[in-house]
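Trainee: using only what follows, build the 3D model:
(one chain, ligands or ions: 2)
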Amino acid sequence: MRKVKAVMFKRIADLCQPAIELTKGIILILDQDGRIISFNEFLESTTGYSYSELIQKNWFDLLIPEKEREPAKRYFRRFILRGKSSQKIVTTIMTRSGGKRFIEWHHKRLEDDTPGEVIGLLAIGQDISARVEHEKQLLNERNQLIERNKELTCLYSMTKIVGKNKPLPQMLESIAAIIPPAFQYPAITTATIRLDQHSYGGRETAIGSPALSENLTIQEIPRGNIEVICTPPENGYKISNPPFLDEERALLRTVAHHLSLAIEKKEALDNKAEMENQLRHSDRLAKIGQLTAGVAHELNEPLVHILGFAKLSSKATDLSEQVYSDLDNIIKAALHAREVIKKLMFFSRQTPPRETPVSLNRLIEDGIYLFESRCAKNGIVVKKTLYKDLPSIKADISQLQQVFTNLTVNAIQAMPEEGKLNIETSCDEDYVYLLVQDTGIGMTPETLKQIFLPFFTTKDIKEGTGLGLSVVHGIVKSHGGSIDVESRIGNGTRFRIKFPLKRQPPEENNES
Ligand code: ADP
Ligand code: MG
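Mentor: Ligands and ions are numbered 1, 2, ... in the order given. From the prediction side, this is the model:
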């Protein structure tokens, strides 16, 4: 049988010879086992193998790359010989020197005289390696362009976001949102920016999912990172492995670098603005302090006279009831004015403290007692957390009582319908701290800016004169301390005052 076939092949090959020689391409005849029966010189020049190295060898074993060999043999047996494959296929072949060529084949089955009996295959191949390489290169260039475009779009959007000068958290949220579109699978990619224990953006954790991460280092201090996570859904969303391209790694590095710089710049600007703000504020308070001191002084003198003379006159025995009543009103009004002036003097630090060692804890225990029934009536729960071995500070006890009273009254007034009043003391090596915190109505940023100004009040005339916090400010300053306030509308207010344990020599000026 084999012999008959060999004779037949020889006949076919002889018949085809002129055509084989004329064709500008590889011509190849394989038997049904894939053995090379006949070919033209193009196969030799394409593969680098000589005639004798090719003839009678198995096509697949000699020329098909190992990885593709078995599938190619299977395909040959199942489809090509049975005529089920299309007329045109492209295969890769290995040259003698180990190179790769891409060949596009047109093929036809060779049949025996008995129709239907396939004995081999005639194939004509064109080396399309140059075209394939060119296409590959174009595709590569296209992909590179797409990546570059994504990168530029991402960096451009980032510059735009940074330029908007929004608060840092908002800026980071916006930047986290523009990172996934720069990646291959935006729909299943999330980006999380972490900075100082806060997270912005995706907030996914990378457990089990492929992730890329770059550190955020600001002024050489590691402060967080940007993490990009790709979470393929379970139902067969095909992604490449690994799901990140080298370009994407590089992009994330660039984004992290630019973001670190942007954060650094933003923080520097914010600090500068905050310092300028504080300076402006202290400057304003200092100027108002000077003015107030002058006015208080000027008014005090005549007031002493008014009060003195009114009291003297009221001692006269021959006046009408009406005049007594008028004099009484003058005395009351003058006493009220004296109180106001006294407060203004506290604010402008015209009342130097008479210092003795004061235990802030004792002062609170004694002071809160006065408010207990009022708190109970308003449904306010008072919580005291007093540091056990709180050191004494050198201070004017009656002035500190005023500080505590004013803060407590404000807190109670801020909680008309129940709430919590939290009073705490604490200390470190240098300072003793007093904290008065309420869960009341809170303040707008606009109110917060003005609370220390004398006569600033948001309360109606019976409730407030707007001098409480001015007095607190003056007293704390004259004790070398400082005040820190945090408040949010609807979320309560926290006053934290610190008094130094060791006092610097008192300053002359009146800054905040
Ligand atoms: P007054 O209490 O007489 O209004 P203050 O100087 O004590 O004056 O306070 C000034 C303003 O600060 C108040 O009118 C109020 O708007 C605001 N304020 C002070 N403390 C609080 C607080 N604990 N909660 C909400 N707002 C406060
Ligand atoms: Mg008040």
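Trainee: run through the strands of the stretch 151-300 of the chain in chain order.
Mentor: Listed in chain order, the strands of the stretch 151-300 of the chain (DSSP state E, counting those that start in this stretch) span 189-195, 198-201, 211-218, 221-230.
Trainee: spatially nearest residue to whatever residue of the chain ends up closest to ligand 2, not counting backbone neighbours?
Mentor: Nearest to ligand 2, among the residues of the chain, is residue 468, at 2.9 Å (CB to the ion). C-betas here are computed from N, CA, C, even on glycine. Nearest in space to residue 468, with sequence neighbours left out and distances taken as CB to CB, 6 or more residues apart in numbering, is residue 406 at 3.9 Å.
Trainee: residue 73 is in what secondary structure piece?
Mentor: helix 66-75 (DSSP states H and E).
Trainee: which strands and helices sit next to that helix?
Mentor: Under the contact criterion of 3 or more CB pairs under 8 Å, 6 or more residues apart in numbering; DSSP states H and E, helix 66-75 touches helix 59-63, strand 88-94.
Trainee: now do that helix and strand 88-94, the angle between them.
Mentor: Here helix 66-75 runs at an angle of 140 degrees relative to strand 88-94 (axes from the mean of the first three to the mean of the last three CA atoms, to 10 degrees).
Trainee: alpha carbons of helix 66-75, in PDB - could you do that?
Mentor: Coordinates of each C-alpha in helix 66-75 appear next as PDB, following Å, rounded to 0.1, in the frame of the first residue of the first chain:
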ATOM      1  CA  GLU A  66       7.500  22.900  20.100                       C
ATOM      2  CA  LYS A  67       4.700  24.600  21.900                       C
ATOM      3  CA  GLU A  68       2.400  24.600  18.800                       C
ATOM      4  CA  ARG A  69       3.500  21.200  17.600                       C
ATOM      5  CA  GLU A  70       0.900  18.900  19.000                       C
ATOM      6  CA  PRO A  71      -2.100  21.200  18.400                       C
ATOM      7  CA  ALA A  72      -0.800  21.700  14.900                       C
ATOM      8  CA  LYS A  73      -0.600  18.000  14.200                       C
ATOM      9  CA  ARG A  74      -4.100  17.500  15.600                       C
ATOM     10  CA  TYR A  75      -5.500  20.300  13.500                       C
END
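Trainee: domain ranges for the protein, per the record?
Mentor: 2-127, 145-269, 353-500 (automatic domain parsing).
Trainee: one step back: can you pull the phi and psi angles for the residue nearest to residue 468?
Mentor: phi -60, psi -40 (degrees, to the nearest 10).
Trainee: before we move on, what about the one 4 residues further on?
Mentor: According to degrees, to the nearest 10, the main-chain angles of residue 410 amount to phi -60, psi -40.
Trainee: tell me the mean pLDDT over stretch 490-507?
Mentor: Confidence over stretch 490-507, taken as the mean pLDDT, stands at 85.
Trainee: can you give me the helices for the stretch 101-250 of the chain?
Mentor: 129-163, 168-178, 246-314 (DSSP state H, counting those that start in this stretch).
Trainee: okay, and for this structure, where does confidence drop off?
Mentor: 1-6, 20-22, 85, 203-206, 235-238, 504-512 (pLDDT under 70).
Trainee: and it, which residues reach ligand 2?
Mentor: 410, 468 (CB under 5 Å from the ion).
Trainee: what's the longest strand in the chain?
Mentor: strand 100-111 (DSSP state E).
Trainee: ok and that strand relative to strand 88-94, angle-wise?
Mentor: Using the same axes, to 10 degrees, strand 100-111 lies at 130 degrees relative to strand 88-94.
Trainee: ok, strand 100-111: who's next to it in the sheet?
Mentor: strand 88-94 (antiparallel), strand 118-127 (antiparallel) (DSSP bridges).
Trainee: in it, what's buried?
Mentor: Within strand 100-111, the residues that qualify as buried are 101, 102, 103, 104, 105, 107, 110, counting by 16 or more other CB atoms under 10 Å.
Trainee: which stretch among the strands of the stretch 151-300 of the chain comes nearest residue 176?
Mentor: strand 198-201 (2.4 Å; CB to CB).
Trainee: reformat the domains of the chain as JSON lines; add distance to residue 316.
Mentor: Formatted as JSON lines, those follow (distance: least, CB to CB, whole Å):
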{"stretch": "domain 2-127", "distance to residue 316": "123"}
{"stretch": "domain 145-269", "distance to residue 316": "68"}
{"stretch": "domain 353-500", "distance to residue 316": "33"}
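Trainee: what about the residue nearest to residue 468, neighbour count?
Mentor: The number of residues packed near residue 406 is 21, by other CB atoms under 10 Å.
Trainee: tell me who's in contact with it.
Mentor: 468, 469, 471, 472 (CB atoms under 8 Å, 6 or more residues apart in numbering).
Trainee: how about the closest residue in space to residue 144 that isn't next to it in sequence, what does it touch?
Mentor: Sequence neighbours aside, residue 247 is the residue nearest to residue 144 in space, at 7.6 Å (criterion: CB to CB, 6+ apart). Going by CB under 8 Å, 6+ apart, residue 247 touches 144, 147, 148, 151.
Trainee: out of those residues, which is nearest to residue 372?
Mentor: When the contacts of residue 247 are ranked by distance to residue 372 (CB to CB), residue 151 comes first, at 65.7 Å.
Trainee: so how many other residues sit close to that closest one?
Mentor: 17.
Trainee: please apply the same query to the one 4 residues further on.
Mentor: Residue crowding around residue 155 was assessed by other CB under 10 Å; the count is 16.
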